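Asker: mind folding the following:
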Amino acid sequence: MQVSKVSKISYLKRQTYDGHKEFYAEQKKKNRKFLMFITSDSIQQHDLIKLLELQYKIVSQEIRVNKVKDVMSKNQNQTLDNVVAKINEKLGGVNYNIMLGPEIDDKKWL
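Answerer: Predicted coordinates for the structure are as follows:
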C-alpha cells in the first residue's frame, strides 16, 4: 500500500449536520479517498461521520483523542497496529494471507 502525504488538516469544532455535509462535499470535489477524524469523548459524531461516508463514498475513520494519547504516552502499539490494519482493509488492502503447508491433504477440506 502506498500512502500519499496528508492533504489537509482541519479543525471541526462541534459541527452541525450541514457543516459536516459541506465539509464532505468539499472533500469529494477534491477527490479525497480517505478522511480521518480525531475526536474528544465529549463529541458524539460517529453516526454522522458514517452516514456521510455512505452518502459521499469517502472512506473515513474516527479515532478518539484518548486512544491517540494512550498510543503516544503508554506505548500501546497494538492499538496503533489495529487502527492501521483497519484503515488498510477499508482502502482495499489485504491484512492476512493464508498459506497451506505441503502436509495439508486437499481431500480433507470441506
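
Asker: specify the local secondary structure of the most centrally placed residue in the chain.
Answerer: For the chain, the residue sitting closest to the mean C-alpha position, by CA atoms, centre = their mean, is Gln61 at 3.0 Å. Under DSSP: H, G, I helix; E, B strand; the rest coil, Gln61 falls in the strand class.

Asker: what about Gln27, how many neighbours?
Answerer: 20 (other CB atoms under 10 Å). Heads up, the C-betas are built off the backbone N, CA and C, glycines and all.

Asker: wait, a strand at it?
Answerer: No - assessed with three-state DSSP, Gln27 is helix; it does not lie in a strand.

Asker: show me the contacts for it.
Answerer: Gln27 sits next to 35, 56, 58 when contact means CB atoms under 8 Å, 6 or more residues apart in numbering.

Asker: of all the residues you listed, which comes closest to Gln78?
Answerer: Leu35 (24.0 Å; CB to CB).

Asker: the closest one: what secondary structure?
Answerer: Leu35 is classified as strand under three-state DSSP.

Asker: identify the bridge partners of it.
Answerer: Ser60 (DSSP bridges).

Asker: if you count neighbours, what's buried in the helix or strand of the chain with the lowest mean pLDDT?
Answerer: Lowest by mean pLDDT, DSSP states H and E among the helices and strands of the chain is helix 77-90, with a mean of 85. Buried residues in helix 77-90, counted by 16 or more other CB atoms under 10 Å: 80, 83, 87.

Asker: give me the low-pLDDT residue ranges for the protein?
Answerer: Applying pLDDT under 70 to the chain picks out residues 1-4, 13-14, 100-110.

Asker: this protein: strands as residue ranges?
Answerer: 34-39, 59-64 (DSSP state E).
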